[in-house]
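Asker: return a 3D structure for these sequence lines:
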Amino acid sequence: MIKMLALDLDNTLLDSDKKISQRNERVLRKLHDRGIHVVLCTGRPINAIWPLIEQLGLTRPDDYTITFNGGLVINNVTKEHLFELGMAKQDLQPLFDFVQREKIPLDVLDFERVYELTDQPGSIYRSVLKNIEFRDTKMADLPATTYSKAVMAIPAKRLSKIIADLPATLKDRYHAVQSQPMIMEFLPQHVDKSVGLKALLDHFGESFDNLMSFGDADNDLGMIKAATQGIVMANGLPEVKAVATALTTSNDDDGVADYCERYFGI
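Answerer: Just a heads-up that it's a prediction; the model follows:
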């Protein structure tokens with residue numbers, strides 16, 4: 001029995017205007033009222049998506065969000081951390097060396113804010129990520145804290161070339177995923193959305209047999225494969241569609257609602 005819905009945001013639940021449609025909102029609110037846990041799963045921090053949480057009414061004491069692509073599971077009401085997994089500053093040194101050598105912009109995130117490295121070329125991340133503090137910081141001045149991820153945010157054409165030439169040493173060192181055409185994320189090696197979801201399912205005494213997940217991109221691959229129902233959008237990447245339980249219509253055609261209406265008989 002499905003007791004939890006895990007929902008990627010960009011190009012999945014959100015349409016091309018970055019909005020939740022009225023149909024998607026109506027269906028998800030009905031399922032939430034039935035007692036199904038509706039869990040947004042994103043690479044962003046919770047404050048960056050708070051309007052979406054409020055729109056769906058995910059503000060009950062047992063509502064949680066998967067943030068930082070599985071690195072943090074946070075209670076929507078209390079903001080308490082149920083689970084977190086990050087990296088120390090020294091763990092990022094191989095990536096620092098690479099971006100310095102190649103003159104690539106880099107932003108580094110802890111669980112509260114973004115540090116834009118000023119000794120690198122300018123990033124476009126500020127134009128992508130809203131409702132979070134940005135600090136201009138030199139690499140050497142980064143505080144000794146726990147970091148959730150590092151991000152290359154540059155125009156898609158240039159990013160594609162960087163990804164194609166990414167050294168194997170970095171692929172081995174980090175869980176590197178492209179979450180949007182202009183964003184490449186470097187996470188701790190064993191972090192993806194399925195890791196955060198397992199912690200949340202364990203918290204509720206459930207398993208992946210009780211999970212339905214929706215996604216479209218590389219950073220959704222883990223939770224699509226793990227869920228008993230892994231649903232991929234019509235606009236999803238071919239490699240993600242290849243592991244899906246089923247496909248649904250696109251994010252601009254209310255694909256989440258379309259599948260849920262049929263599956264749950266709404």
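
Asker: make it CA atoms for all contacts and neighbour counts henceforth
Answerer: Fine.

Asker: list the contacts for residue 63?
Answerer: 37, 38, 39, 75, 76, 77 (CA atoms under 8 Å, 6 or more residues apart in numbering).

Asker: name whatever forms a beta bridge with the closest residue to the second one other than its chain neighbours.
Answerer: In this case it means residue 38. What sits nearest to residue 38 in space, not counting adjacent residues and going by CA to CA, 6 or more residues apart in numbering, is residue 5, at 4.9 Å. According to DSSP bridges, the partner residues bridging residue 5 are residue 38, residue 212.

Asker: neighbours around residue 5, how many?
Answerer: 23 (other CA atoms under 10 Å).

Asker: was I right about it contacting residue 208?
Answerer: No: applying CA atoms under 8 Å as the test, residue 5 and residue 208 come out as separate, 10.7 Å apart.

Asker: just the buried residues out of the contacts of residue 63, in ChimeraX syntax.
Answerer: Selection of the buried residues among the contacts of residue 63 in ChimeraX, burial being defined by 16 or more other CA atoms under 10 Å:
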select :37,38,39,75,76
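
Asker: pLDDT below threshold where in this structure?
Answerer: For the chain, no stretch is flagged by pLDDT under 70.

Asker: hey, where'd the helices end up in it?
Answerer: In the chain, helices defined by DSSP state H lie at 22-33, 50-56, 93-102, 125-128, 156-164, 168-173, 193-203, 221-226, 238-241, 255-264, listed in chain order.

Asker: distance from the chain centre to the longest one, please.
Answerer: Centroid separation between helix 22-33 and its chain, computed with CA atoms, centre = their mean, to the nearest Å, is 21 Å.

Asker: quick one: residues in contact with that helix.
Answerer: Applying CA under 8 Å, 6+ apart, the contact partners of helix 22-33 are 13, 38, 55, 56, 57, 254, 256, 257, 260, 261, 266.

Asker: just the buried residues from the residues you listed, in PyMOL please.
Answerer: Command for PyMOL that selects the buried part of the contacts of helix 22-33, burial taken from 16+ other CA under 10 Å:
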select buried, resi 13+38+56+57+254+256+257+260
